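J.: Give the three-dimensional model of this entry:
(4 chains)
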2 protein chains.
Amino acid sequence: MTLQQLRLLRAISRAGLNISAASGALNTSQPNVSRQIKALEAEIGIELLMRKKNRIVGFTTGGRAVLQQAERILRQIETIGDIAQDARGGGEGRLIVATSHLHARYTLLDPFARLREKHPKVELLLIQADIKDLPRLVQDGEADLGISTGDAQATRSSAEVATLKGEVIKRSAIMLRQHPLAAKKSLSLADLTHYPFIGYNPRSVGGRMIADAAQKAGIDLRPIVQAEDSDVIRAYVEHGLGVGIVPTVCIAGKTRLHAIDATHLFAATTVDVSLRRDLYLRSYITDFIQMASPKWSASAIKRALTAPAAKARKS
Amino acid sequence: MTLQQLRLLRAISRAGLNISAASGALNTSQPNVSRQIKALEAEIGIELLMRKKNRIVGFTTGGRAVLQQAERILRQIETIGDIAQDARGGGEGRLIVATSHLHARYTLLDPFARLREKHPKVELLLIQADIKDLPRLVQDGEADLGISTGDAQATRSSAEVATLKGEVIKRSAIMLRQHPLAAKKSLSLADLTHYPFIGYNPRSVGGRMIADAAQKAGIDLRPIVQAEDSDVIRAYVEHGLGVGIVPTVCIAGKTRLHAIDATHLFAATTVDVSLRRDLYLRSYITDFIQMASPKWSASAIKRALTAPAAKARKS
DNA sequence: CAACGTTACGCTCTTCGTAAAGATG
DNA sequence: CATCTTTACGAAGAGCGTAACGTTG
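T.: Numbering: from 1, shown residues only, chains lettered A, B, ... in the order given. Okay, the predicted model is just below:
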């Protein structure tokens, strides 16, 4: 059994069961792929691929299990490279962060700049992605960190991926300065119902949070605009079309708008960092996490990754 | 980077940094070991071994990290063999269970027989070991399962090893039939203080449990014999030397003795099964666990291994 | 017949063992 | 000088690419 065989198996899976395409991805010849897989099958004594008339139509049950194992193994092989790069010093490295609009545009702007300053040789890569794709990106190792908005209770930690809950996200109601509500010191949910409401798509975490709060209070707070990101909400509010609720961080320095803190009106949401448990925690990674979420020190992160069951409450 | 290089690195570690000895363990020549390690070092760009004047004196920091990674990888390579054996059907396999005296002698006797009946081709191997060695045996993969007595609160789950808490272990006070206490229907801790007490070594889980209960009740219940196993306790009781507390399972069919249930007098202890989270759960493994601890079905085990953080209580 | 997988053949580079040299306590 | 590691050299073998063949939609 060789690593190359495992790589080829993975490549076949990624190429959609097309051996020819897989061969290209690994810079080898197509017959070689066929041969190596056969060799692997012979060695371990089971068929990995289901073949129908010289076509590959799928993985066998065992094949799928071996593939899964191969992916784990290859990831760990790759982390040996990380370990080495880390041990060499020199401060080189690479960090791929997948995140949603809000954090890409606001939350992470400063951590990004600070990381670049502290670790100038680290290649920083930000992937803005749909929030529903984040778990997969992290799980598959396409991103090192996933940063998203999470609600308080649901920790989506799994055996492979851990989620660190960070700072609570402050929210503000925003409106034009001349808006009637702008005169109020503090706000209630009921206040909002008297004006057109600009909010998030209710399927998003932020939108669901607002819908939940409204439902619990028994009031009707459906947005007339269901935005995907806060910039859209702000634009509509700036055009005088209503009142909006956005993370406070989005409106710093926006002098045309009046903002009233509204964090207390809703269930808390947090800046969550998710990462593979087997990720090798180079110093710049823990640095970045702490910059994005100060309460997570390097040692706290390590503890969270290596002692998952420690979260069980003691009565 | 080849698997062989990782195997050699591990062998060097296991051989106590002796390359010559390591070469023997992998049936290869000693120069080859030296060469392969050098090749690996060259490829990843760091030194793995600290050399002083042509002697290997230790691992570098990076080397230790790579070694750890190598051990993980090689274990996972080996589980590919398990997957294949499982997929081949045929019912062949191997199960190494490490456990303490009590479970070896009593608890597991029946599960063992039943597993042998259900999976006759599975090679069963029981290692009776000191309880303090069990975690290491499981951690290092020298045993597939570790079965031990655990107290109720402490779950020794870690990132690599999970512990499944099983049935509560029933305890009985035992004495000769003609003993004064034998007349009583039920027992209190205080009753025990009037007679010589035969018990476990207070450093064992069972002994500590009894000592804790005595201390909490403010009574003196130090054993005149500190046994390591229940058979010794029973022998002393049978010779009329005092009263003992043993797991009820130990005295089934012992007609010379009178037993009174005493489970309620002490903090509950359980039959705990510990296993590596990355253990490939072949059907006979989950069968065995369930035979030893009926509440753990195959799916419950899988859940416990793959969703460790699910133990976090919801408020 | 176009696309894909398998078989056949021959080359090359890697890997290994033996032998010898170097280093150290 | 006994033990352990490194270097040198030559042989065996694994892995690969090209080319040809087989199969199917």
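J.: Which helix runs longest in chain A?
T.: Counting by DSSP state H, the longest helix found in chain A is helix A:61-87.
J.: Check the offset of that helix from the chain's centre.
T.: Centre-to-centre, helix A:61-87 and its host chain are 21 Å apart (Cα atoms, centre = their mean, to the nearest Å).
J.: who does it touch, helix- and strand-wise?
T.: Contacts defined by 3 or more Cβ pairs under 8 Å, 6 or more residues apart in numbering or on different chains; DSSP states H and E place helix A:61-87 against helix A:3-14, strand A:93-99, helix B:30-44, helix B:61-87. The C-beta positions use only the backbone N, C-alpha and C, and glycine is treated the same way.
J.: Provide the strand pairings for the shortest one, with the direction of each partner.
T.: Strand A:93-99 has the following sheet partners, assigned by DSSP bridges: strand A:122-128 (parallel), strand A:145-151 (parallel).
J.: Out of the ones you listed, which gets nearest to A:Leu134?
T.: Taking Cβ to Cβ, strand A:145-151 is the member of those nearest to A:Leu134, at 4.1 Å.
J.: who touches the closest one?
T.: With Cβ atoms under 8 Å, 6 or more residues apart in numbering or on different chains as the test, strand A:145-151 has contacts from A:95-100, A:102-103, A:107-108, A:131, A:134-135, A:137-138, A:156, A:163, A:165, A:169, A:205-206, A:208-209, A:267-275, A:285, A:288-289, A:292.
J.: quick one: which of these sit in strands?
T.: In strands, defined here by DSSP state E, the members of the contacts of strand A:145-151 are A:95-99, A:163, A:165, A:269-275.
J.: With distance to DNA strand C and pLDDT as extra columns, can I get the residues you listed in CSV?
T.: What follows is the ones in strands among the contacts of strand A:145-151, written out as CSV (distance: Cβ to the nearest atom of the strand, whole Å; pLDDT from 0 to 100):
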residue, distance to DNA strand C, pLDDT
A:Leu95, 31, 97
A:Ile96, 30, 97
A:Val97, 35, 98
A:Ala98, 31, 97
A:Thr99, 36, 97
A:Thr163, 38, 93
A:Lys165, 45, 93
A:Thr269, 46, 93
A:Thr270, 46, 94
A:Val271, 44, 95
A:Asp272, 40, 95
A:Val273, 39, 96
A:Ser274, 35, 95
A:Leu275, 33, 96
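J.: Dump these to TSV, plus distance to DNA strand D.
T.: Converted to TSV, the ones in strands among the contacts of strand A:145-151 look like this (distance: Cβ to the nearest atom of the strand, whole Å):
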residue	distance to DNA strand D
A:Leu95	31
A:Ile96	28
A:Val97	34
A:Ala98	32
A:Thr99	38
A:Thr163	39
A:Lys165	45
A:Thr269	49
A:Thr270	47
A:Val271	44
A:Asp272	41
A:Val273	38
A:Ser274	35
A:Leu275	32
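J.: Can you get me a residue count around A:Lys53?
T.: 5 (other Cβ atoms under 10 Å in any protein chain shown).
J.: ok now do it, which residues does it touch?
T.: By Cβ under 8 Å, 6+ apart, the contact list for A:Lys53 is empty.
J.: So for the closest residue to DNA strand C within the stretch 151-300 of chain A, what pLDDT did the model give?
T.: Residue of the stretch 151-300 of chain A nearest DNA strand C, by Cβ to the nearest atom of the strand: A:Tyr280 (24.4 Å). What the model reports as pLDDT for A:Tyr280 is 95.
J.: Repeat that for A:Thr263.
T.: For A:Thr263, the pLDDT comes out at 95.
J.: Likewise for A:Gly253?
T.: Each residue has a pLDDT score; the one for A:Gly253 is 83.
J.: hang on, it in a strand?
T.: No: counting by DSSP: H, G, I helix; E, B strand; the rest coil, A:Gly253 falls outside a strand, being coil.
J.: What parts of the stretch 1-150 of chain A come near DNA strand C?
T.: A:17-20, A:30-31, A:34-35, A:37-38, A:51, A:54-56 (Cβ under 7 Å from any atom of the strand).
J.: ok so, going back, from the contacts of strand A:145-151, keep the buried residues only.
T.: Buried subset of the contacts of strand A:145-151 (neighbour count, 16 or more other Cβ atoms under 10 Å in any protein chain shown): A:95-100, A:102-103, A:107-108, A:131, A:134-135, A:137-138, A:163, A:165, A:169, A:205-206, A:208-209, A:268-275, A:285, A:288-289, A:292.
J.: What is the neighbour count of A:Pro202?
T.: 16.
J.: quick one: it and A:Gln226 touch, right?
T.: Yes: A:Pro202 is within contact range of A:Gln226, at 6.7 Å (criterion: Cβ atoms under 8 Å).
J.: Identify the contacts common to these two.
T.: Counting by Cβ under 8 Å, 6+ apart, nothing touches both A:Pro202 and A:Gln226.
J.: Tell me which residues of stretch A:255-263 come out buried.
T.: A:257-260, A:262.
J.: likewise stretch A:44-58?
T.: Buried, per 16+ other Cβ under 10 Å, within stretch A:44-58: A:44, A:46-49, A:56.
J.: now swap in stretch A:222-238 and tell me
T.: Here stretch A:222-238 shows A:223, A:225-230, A:232-234, A:236-237 as buried, counting by 16+ other Cβ under 10 Å.
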